[in-house]
Structure formats: structure tokens, C-alpha cells
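Visitor: what shape does this take:
(4 chains)
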Protein chains: 2
Amino acid sequence: MTGQDTRAATTMARINAVARRLFLAKSYAEVTTDMIARAAEVTKGGLYHHFPSKESLYISMMVGDLERKRELFEQAVAMEGTCRERLARLTRDFLELPGEERELIRLVRRDINIFSGEERDRLVRAYQRALPEQVEAIVRDGIRDGELAAADARLLSWSFVALVEIVIGEYVHQVLGDTTGRLDHVLELFFGGAAARQVGAIA
Amino acid sequence: MTGQDTRAATTMARINAVARRLFLAKSYAEVTTDMIARAAEVTKGGLYHHFPSKESLYISMMVGDLERKRELFEQAVAMEGTCRERLARLTRDFLELPGEERELIRLVRRDINIFSGEERDRLVRAYQRALPEQVEAIVRDGIRDGELAAADARLLSWSFVALVEIVIGEYVHQVLGDTTGRLDHVLELFFGGAAARQVGAIA
DNA sequence: GCTGATACCGACCGGTCAGTCGGTCGGTAT
DNA sequence: ATACCGACCGACTGACCGGTCGGTATCAGC
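Guide: As a prediction, the model looks like this:
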């Protein structure tokens, strides 16, 4: 029993890993089930023995990964400290994820429009739980404690996530350098805005 | 000559309009050339008489539209006033665009990954000229005039655009209401940040 | 009213791809 | 040894879809 379970689980894990790599490199439509099967060293029949459809394979690969990210980000939420410190921790954790792991979150935005119905909802919910809701929990505390101005927590969280997403990418790497520069920029902009600080009076 | 031009131009415009509607409602792959042809009341042969390929039809529809938006946003750039006033004008113009026109900009992000090569570049360039570069011009002035803190203008522009894009959508409409509420939120957040203002000293 | 050009037609082709299905094989329980 | 079962195989199918092509309709200029 364990032997069979392990064997199936191993194969499924191999398929998942290969699928992740391929879906990152090419668009959903461009990645064929043949490609996945060949790269995972199973046949299409074998692949369809474990997954009912291409869509389902894609979604469960994504959902599994997002679940792991949720656990990571929850540590920042659970942390003691100011709102800013906790957001910093979460953002740093995110920025320091190995490239492939980090890029996977972008796939949600890239591919969300090709699905619909129940499977799409599964993906959306997994994403929301993994990132925006974690940020929202911290932001909500920040507002409650007077660290952030009163505002809609969800909207603020989305804004924060959007600022973080901007900071990924090669151009920003050239401008701001590695994690710390990017992190500082996001936090400065989110908390303090882009306006020049008045040098003199409060005016 | 004018008669022929007009006839062809009319048909092409009809195809473009129909394509825009369809591509907004469904993903690129889901919209078939048959659907476009039928909805535009031509046959596939007629469609391919005017456009060399589905991809080319899509891209030129988008590029044409983005070109019109560029002209609109250029008015805000050309305007007299502070950086904040000019960004407000540009953002207001954007937010007050009729729904379909505004959504079209989101298609760039949605579909950019399915193209590659020259046509993709055409689309990317048209988008950049239409929106981020306009914002960047204003932001650059703001930095030069000491209204914005010294920073990379392009990065700031992207951040601003990202904040604007957040503010579209039904949830934000419920929270902030129509254009003015959204506009104020974006400007407040971008210029002043989300931190609570100190009530007392400068501390 | 003839001629050429352009707009338009619609059946058809070539290729792709998700998904199927009858069958093999290795391991496990009895 | 036998019976069984889940893992896996791979040729095949059916549908779809972008693009083609030989042909017809419409209209301008002569």
C-alpha cells in the first residue's frame, strides 16, 4: 500500500515539477500535454491516469504551490512588531524567494483569464489566501494601532502588493540593486509617499 | 477612389469594433476568426482580405486604440500646473473613459505574453507611449522642480500606473465611489503615503 | 457595356491537441 | 501458483481553428 502510494505520489510530484517549469517558460496554450508527459518521462496515458485534465493539472500544481507560500507568509503575519516591520519581513521573504518560486505568483495574473467556473475560483482563492489576505491582516492591525491612516484595509493591501510586484524585474534590479534596495523603496513609497519632504517648516 | 477607400475603411472599422468587443469579453484564443467574421457580417475570406492574420488584426486594433489614448493623455502632459495637478488631470481623463475604452488597456497586460517578436514589440511600444511614458514625463518634471523626492522617474511612473490600475474595479467603486474618490485616493497615496500623519510634534 | 480592380464569399485544407481506450506489466495479497 | 489491481503505455480520434483559394459581385473609368 505504502509502496503503491509512494510510487504514484512520486510520479505526480515529477509531473508537477515538470509542469511548473514548462508553464513558467511558455504560455498555458503553448505547453501541450505531450510536452509535459515527455519531459516527466511518462506517456500521455500515464499523465491522464493521475490527472483528469490539463486544466486540473495546472490548477492543482498552482494551488499546491500557493499553499506553501501561504505558510511562509503566515510567519510574517504571526510575528511580533510594528506593521512596518512585519510588512518588511513578508516582503523580504517574498523578494528572496528563488526566482522560479517567485515568478509562479505572476502566473496567476498571467493565466487567470483563461479559466472560468469552479477551477478558476479555486485558483483565485488560493492566491488571495497566499498573498493579499496576509498583507491585509497586517495592514488591518496597522490601521487599528494608528500606524496607518484610516482607510479601507483591502484596498491598501492591493496597493501594497501592486507596489511589490512593480519592484520585481530586471530594470528595477539595475536601479535599486538586490533585495534591500527594493524593499526600502517599497516601504518608503507605501508609508511615506513620493512627495519631497519639506526641508523647513510643517507648512 | 474615395468611394473604394470608404467602403474598405468602413468594413475594417466594423471588424475592428467587433474585434474589440469580442476580445474584451473573451480571451484571445477563445475568440475565433469565424466569430469575428460572423459578428462583423463578413465572411472569413472577407476578413482575411483586409487583415493578413488574426494576430495582426488584434495588434493593429490595439495599437490604433492606444494611439488615440496617447493623444488624450498628451493633453495632460502639455498642461500648465504642478506635477500633482497634471497627474490628476491625466488620471481623471483615464478614469472617466467609458468602461470599454478603459478596459482595453488592461488587455495589454492580459495578452502580452501570447505574442512574441516584432508584433509584440509594436504592442508594447504603443502601450508605453500611451501611458507610462506620459506619466514619466510629468514625474520627471516633478522631480526636477523639487515637488517629488529624487528617485528613478521610470520606476515611480510604473508605481503610479499600478496604483491607478488598482483603483479600477467594482470593489473599489463600492468603497470610494466614482471618479473623484478614486482619484483622491491615488493621489494621496502616491504623494503622501499610507502612514498616519503625526498629530503632534515632528518626532 | 466593356474592362479591370477591388471587395467579398464560403467550402475546404493542413495541422494541432486534449482526451480516450484497449491493453501490458510489475508488485501484492491470498 | 493464482488472482487481482493500480500504474503506465501509445496509437488513435474527434473537434477545432487559422488560413487558403477559386470564384462571384460591385463599381469606377472609358
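
Visitor: pull the number of nearby residues for the residue lying closest to A:Ala17 once chain neighbours are set aside.
Guide: Excluding its sequence neighbours, the residue lying closest to A:Ala17 (C-beta to C-beta, 6 or more residues apart in numbering or on different chains) is A:Ala40, at 7.9 Å. All C-beta atoms are positioned from the backbone trio N, CA, C, and that covers glycine. Neighbour count for A:Ala40, taken as other C-beta atoms under 10 Å in any protein chain shown: 22.

Visitor: then A:Asp145?
Guide: 11.

Visitor: so what's the backbone phi/psi at it?
Guide: phi -90, psi 0 (degrees, to the nearest 10).

Visitor: wait, it touches A:Cys83, no?
Guide: Yes. The pair formed by A:Asp145 and A:Cys83 meets the contact definition of C-beta atoms under 8 Å, at 6.9 Å.

Visitor: identify each buried residue in stretch A:125-132, please.
Guide: Under the neighbour-count criterion of 16 or more other C-beta atoms under 10 Å in any protein chain shown, stretch A:125-132 has A:126-127, A:129-132 buried.

Visitor: closest one of those to A:Asp178?
Guide: Ranked by distance to A:Asp178 (C-beta to C-beta), these are led by A:Leu131 at 21.1 Å.

Visitor: contacting residues around that closest one?
Guide: The contact partners of A:Leu131, taken as C-beta atoms under 8 Å, 6 or more residues apart in numbering or on different chains, are A:69, A:73, A:94, A:105, A:161.

Visitor: which element is A:Arg7 on?
Guide: In the assignment (DSSP states H and E), A:Arg7 maps to helix A:2-25.

Visitor: pull out the buried residues from the helix or strand just after that helix.
Guide: With elements assigned by DSSP H and E, the helix or strand that comes after helix A:2-25 is helix A:33-39. Across helix A:33-39, burial judged by 16+ other C-beta under 10 Å covers A:36-37, A:39.

Visitor: residues of the helix holding A:Arg7 that come out buried?
Guide: A:11-12, A:15-16, A:18-20, A:22-24.

Visitor: next one: stretch A:76-94
Guide: Counting neighbours by 16+ other C-beta under 10 Å, stretch A:76-94 gives A:76-77, A:83-84, A:86-91, A:94 as buried.

Visitor: give me phi/psi at the spatially closest residue to A:Arg182 that is not a sequence neighbour?
Guide: Take A:Arg182 and drop its neighbours on the chain: the residue closest to it by C-beta to C-beta, 6+ apart is A:Val167, 4.4 Å away. Per-residue torsions, A:Val167: phi -80, psi -10 (degrees, to the nearest 10).

Visitor: re earlier: let's have the buried residues of helix A:2-25 in CSV, adding pLDDT and distance to A:Lys44.
Guide: Output for the buried residues of helix A:2-25, formatted as CSV (pLDDT from 0 to 100; distance: C-beta to C-beta, whole Å):
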residue, pLDDT, distance to A:Lys44
A:Thr11, 92, 13
A:Met12, 94, 15
A:Ile15, 95, 11
A:Asn16, 96, 16
A:Val18, 95, 13
A:Ala19, 95, 13
A:Arg20, 96, 19
A:Leu22, 94, 14
A:Phe23, 94, 17
A:Leu24, 93, 21
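
Visitor: near DNA strand D, from those residues?
Guide: Counting by C-beta under 7 Å from any atom of the strand, A:Thr11 from these sit close to DNA strand D.

Visitor: how near is A:Thr180 to chain B?
Guide: When C-beta to the nearest C-beta, to the nearest Å is applied, the distance between A:Thr180 and chain B equals 16 Å.

Visitor: also A:Ile138?
Guide: From A:Ile138 to chain B the distance is 12 Å (C-beta to the nearest C-beta).

Visitor: same question, A:Arg197
Guide: From A:Arg197 to chain B the distance is 7 Å (C-beta to the nearest C-beta).

Visitor: again, but for A:Ala88
Guide: Going from A:Ala88 to chain B by C-beta to the nearest C-beta gives 14 Å.
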